[in-house]
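>>> Next comes the sequence, and after it the predicted model I'd like to discuss.
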Amino acid sequence: MSENILEQIGKIANETNSKVVTLRKGETVIEVEKDNLRNFITHLVQDLKVRNLTTITGLDLGQEIGIMYHFSYERETIHVRTKVAKTSAAPSIVKIIPGAILYEMEVHDMFGTGFEGNPWNDKKLLLPDNWPSDLPPPLLKSSKPAEIRKRLHLEAEPKK
Amino acid sequence: MSTDVDKRREESAGLMEYSAENLVPFGPIHPSLKEPEYFKIILEGERIVDVIPRIGYVHRGLEKAAEMRPWVQNMYMFERTCGICSFVHSLCYGQAVEGLTIFQVPKRAEYIRLIICEMERIHSHLLWVGLMGHWAGFDTLFMWVWQDREVVLDLVEAISGNRVHKSMNAFCGVRRDMPEGMEKHIVERMKFMTDRARYYREIIDTEETMLERTQKVGAHVTQDTVEKLCAVGPMARYVGLRQDVRLNNPYAAYGEVPFEIVTRNEGDVQALLRLRLDEIIASANMISYAVENLPDGPIKVKIPPVIPAGEHSSRCEAPRGEIFYYVKSTGGRTPDRVKSRQPTLANLPLALEILKGQTLADVPVVLTAIDPCFGCMDRMSFLDTEKNKQWTWSGEQLRQYGINYYFPDRKDKA
């Protein structure tokens, strides 16, 4: 069954010009272009019934932000990876998978990547409301914890 | 007054559309929430129309911190994600890292990992059953259950030396072996646990208080909704989905120990109670089997401190559902990126869904029903509610704070 699913994923990947990389047994990475992402995930969810989105991971790749969608299907873990420029936004998949809403907000908070179409995109999820807009998002490599503490006035004051 | 409501409406505009009259703030500090989390509850009469969450009050930035610490240190840091299911976090992170190396985990270590994991599940579920009794107004159940929980905690302490943070795991193995002569004692205690779980099962099925507060509470959701909202663990199994990592993708020794998945079909809070109590019995059986069939051999393989470059992910079944770790290495002494996903975050969209249409009085019961662990979800902080200020401390700062507090005249203070 699970080999069958990989074959079918390979077919969809061909149709959408995506690259399939097998990491090891049970783990497959599919590199999808940003513009094809919604299309690919729609196929994955509706045709192949791979519906269990585990989470969305952001990666700082230097010039770009990598976004990984981790799906699980029986013994397979399917990582769908796309790349967006640091200032641009990624397409939201909330319409296809409603459960993705909080994960997208998390990536938005931590990497500053917007998600077009996410209804709560302009809201903060994990960061405080008073997060300075000029401070780099915390999980980018350029962000320094010491600076965050200083800007948010979070340094510990000794008790008198 | 009306301007106030209008203002709140304006605030929520764009978040979600609703046509209700009242907004009740629930939290961040609320007697029914053990950890700070804020829910905007929109009511029409007494019925809930919508719930808007605001999380992140205990966010500490563990993922960022992981990028600055050695691989081994991270294992014990991620164990601090949760105070209840601490072991399974270090196990899941450990498995993700072990996958990048060429080393194999010894069989005996895998069995010991399974035993600790299942003990953790028993005490987590018992803790939850007690809390449910508490919120349903049945405090006697709470006290009984928590007394029995001590039995498991004592066993955990006897094996690992600690009750909460076991620090049992190491890369490719465990740090402590099973004490000699424990087998008989553990099997005996597991039998006791099974009896008690059966007894509680009878109580929740017959006791009026529990029935009234749990039966048909929580909006009915279909399997389709649960799948769409990507719920995990007991929150998926209580509508009949056979979703369990122990079954679907066995890790540690789970492939070798007989395991029966527990599912229910009712889809209400009562079903969750039955399901978790049945899981306690299943876990007790697994522990007994694992202890009796514990293989001999080493418990640990030593691995070098530098992990080869690559990426790997791992999933484990924590008491609350599937946890997920993704690890990326560039071949250095610290990880390039560690991502952790905890079950409460995955179950939150479903919890908001099953609150809709319920009465305000049921909110504590339904919110407790998902077994929320907001500390895990936020993974991370100190919150001073008096000053309304949030901050994080390094170990050194914490030490200095202690020195300054107790010895204000000391010379070497910061």
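Looks like it arrived, so ask away.
>>> Where is the longest helix in chain A?
In chain A, with assignment by DSSP state H, the single longest helix is helix A:2-15.
>>> what does the domain assignment say about chain B?
B:3-58+B:345-406, B:65-213+B:269-337 (automatic domain parsing).
>>> before we move on, the earlier item: how far is the following helix or strand past the longest helix of chain A from where the chain is centred?
Downstream of helix A:2-15, the first helix or strand assigned by DSSP states H and E is strand A:19-24. Distance of strand A:19-24 from the chain centroid (C-alpha atoms, centre = their mean, to the nearest Å) equals 18 Å.
>>> For strand A:19-24, buried residues please.
Buried residues in strand A:19-24, counting neighbours by 16 or more other C-beta atoms under 10 Å in any protein chain shown, are absent. In this view, the C-beta of every residue, glycine as well, is placed from N, C-alpha and C.
>>> Count the residues that sit near B:T225.
Per other C-beta atoms under 10 Å in any protein chain shown, the neighbour tally for B:T225 reads 19.
>>> let me redo that: B:V164
Around B:V164 there are 14 residues (other C-beta under 10 Å).
>>> OK, contacts around it?
Going by C-beta atoms under 8 Å, 6 or more residues apart in numbering or on different chains, B:V164 touches B:G83, B:S86.
>>> Can I take it that it is in a helix?
No. Per DSSP: H, G, I helix; E, B strand; the rest coil, B:V164 lies outside any helix segment and is coil.
>>> For B:P349, see how far away the closest residue to B:P53 other than its chain neighbours is.
Nearest residue to B:P53 in three dimensions, chain neighbours excluded: B:F39, at 5.5 Å (C-beta to C-beta, 6 or more residues apart in numbering or on different chains). Relative to B:P349, B:F39 is positioned 13 Å away (criterion: C-beta to C-beta, to the nearest Å).
>>> do the same with A:V21
Counting by C-beta to C-beta, the gap from A:V21 to B:P349 is 30 Å.
>>> Tell me which stretches of the stretch 251-400 of chain B form strands.
Ranges of strands in the stretch 251-400 of chain B, per DSSP state E, counting those that start in this stretch, are B:310-318, B:321-329, B:337-341, B:382-384, B:389-391.
>>> Let me see the ranges of the strands in chain A.
A:19-24, A:27-31, A:52-60, A:64-73, A:76-85, A:90-91, A:115-116 (DSSP state E).
>>> can I get those in a markdown table with mean pLDDT?
Converted to a markdown table, those look like this (pLDDT from 0 to 100):
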| stretch | mean pLDDT |
| --- | --- |
| strand A:19-24 | 85 |
| strand A:27-31 | 91 |
| strand A:52-60 | 92 |
| strand A:64-73 | 92 |
| strand A:76-85 | 92 |
| strand A:90-91 | 92 |
| strand A:115-116 | 90 |
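>>> quick one: low-confidence parts of chain A?
Low-confidence segments of chain A (pLDDT under 70): A:1-3, A:156-160.
>>> residues contacting the residue in the stretch 151-300 of chain B that chain A sits nearest to?
Nearest to chain A in the stretch 151-300 of chain B, going by C-beta to the nearest C-beta, is B:C230, at a distance of 3.2 Å. Residues in contact with B:C230, defined by C-beta under 8 Å, 6+ apart, are A:R51, A:N52, A:L53, A:T54, A:I97, A:G99, A:A100, B:A346, B:P349.
>>> Mind giving me the PyMOL select for those, buried ones only?
The following PyMOL line selects those of the contacts of B:C230 that are buried, judged by 16+ other C-beta under 10 Å:
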select buried, (chain A and resi 51+52+53+54+97+99+100) or (chain B and resi 346+349)
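>>> So which of the contacts of B:C230 is the closest to A:N39?
Set against A:N39, the nearest of the contacts of B:C230 by C-beta to C-beta is A:I97 (14.0 Å).
>>> The closest one and A:V45 touch, don't they?
Yes. The pair A:I97 and A:V45 passes the contact test of C-beta atoms under 8 Å, sitting 6.3 Å apart.
>>> anything in contact with each of these two?
By C-beta under 8 Å, 6+ apart, the residues touching both A:I97 and A:V45 are A:R51.
>>> Give me the helices and strands touching the longest helix of chain A, please.
strand A:19-24, strand A:27-31, strand A:76-85 (3 or more C-beta pairs under 8 Å, 6 or more residues apart in numbering or on different chains; DSSP states H and E).
>>> Pull out the buried positions in the last one.
Okay, so that is strand A:76-85. Neighbour counts over strand A:76-85 (16+ other C-beta under 10 Å) mark A:E76, A:T77, A:I78, A:H79, A:V80, A:R81, A:T82, A:K83, A:V84 as buried.
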